[in-house]
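[1] Mind folding the following:
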Amino acid sequence: MTELKIHELHVEVESDGGPKEILRGVNLTVVSGQTHAIMGPNGSGKSTLAYALAGHPAYRITGGSVTMDGEDVLDMSVDERARAGLFLAMQYPVEVPGVSVSNFLRTSVTAVRGEAPPLRSWLKEMRSAMADLNVDSSFAERSVNEGFSGGERKRHEILQMGLLNPKFAVLDETDSGLDVDALKVVSEGVNRVRAGGEVGVVLITHTTRLLRQIPVEFVHVMWQGRIVAEGGPELADEIEANGYEQFIGAGVAG
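    Below is the predicted model:
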């Protein structure tokens, strides 16, 4: 059993007025095989948590700790976090012109596994993973995210997740920009990885749309950089019915 533990995490970013604290003491523990949803209105700090976990240089840790099986995640470089088994699917994946999806994925897999997969077996593995996500084989030769639709970008990220087989996957607004069909395919891809029972998943979202497709055991509500409510799937139902005002005060969810 693997454990990702976030304890009293404080994070700030630079703003026009100087450093601005975004996370103000986040506590969260995720165990392998569990699926957690972090919900909250826009601007509550959800994506900041994802980028801080990934090691984005714009997000400065000012307090607290993040450990994975007791190892200090915050002391690791970005690539070391990936090799240790931490995966982030970003809300807005960046373009990498001139680098094909196939080469990008094989390089990523090589870095995580410690050795390059043999080309023939790699092509078979990649094509099988692409077929599971209804991705055309020509996708492999396109430059990473260049000219991709929102659905293609998200499929690419879930394709990475399946091939890398991380210990923990943090999916930031994975449902953003997806139509009904793309959401179904992406959700099926996440559920396929979850079915192994070994990966811990954190779904970051501000709506319950994604949770209708991906079952969760735990729901956490974030507001102003803190987790202010926690519960099971029924908490998402409460949010669907009554919004966030019940947790953060009337009129502030906007």
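
[2] quick one, phi/psi of residue 237?
    Per-residue torsions, residue 237: phi -60, psi -40 (degrees, to the nearest 10).

[3] Revised request: answer the last question for residue 141.
    phi -100, psi 0.

[4] Would you confirm that it contacts residue 101?
    Yes. If you go by CB atoms under 8 Å, residue 141 and residue 101 touch, sitting 7.2 Å apart. In this view, the C-beta of every residue, glycine as well, is placed from N, C-alpha and C.

[5] Settle it for me: which of those two has more neighbours?
    Ranked by neighbour count (other CB atoms under 10 Å), residue 141 and residue 101 place residue 101 first, with 25 against 10.

[6] Residue 153 versus the more buried one, what's the distance?
    From residue 101 across to residue 153, the span is 11 Å (CB to CB, to the nearest Å).

[7] ok, now residue 54?
    Residue 54 is 17 Å from residue 153, by CB to CB.

[8] Apart from its chain neighbours, what residue comes closest to the residue nearest to the spatial centre of the chain?
    Within the chain, one residue has its C-alpha closest to the average C-alpha position: by CA atoms, centre = their mean, that is residue 171, at 1.9 Å. Of all residues not flanking residue 171 in the chain, residue 89 sits nearest, at 4.5 Å (CB to CB, 6 or more residues apart in numbering).

[9] isn't the one you found right up against residue 176?
    No. Assessed by CB under 8 Å, residue 89 is found out of contact with residue 176, at 10.7 Å.

[10] So for these two, which sits in the more crowded spot?
    It is residue 89, of residue 89 and residue 176, that has more neighbours when counted by other CB under 10 Å, with 24 against 16.

[11] contacting residues for that one?
    Neighbouring residues of residue 89 by CB atoms under 8 Å, 6 or more residues apart in numbering: 154, 157-158, 160-161, 169-172, 174.

[12] again with residue 76
    Residues in contact with residue 76 (CB under 8 Å, 6+ apart) are 55, 84.
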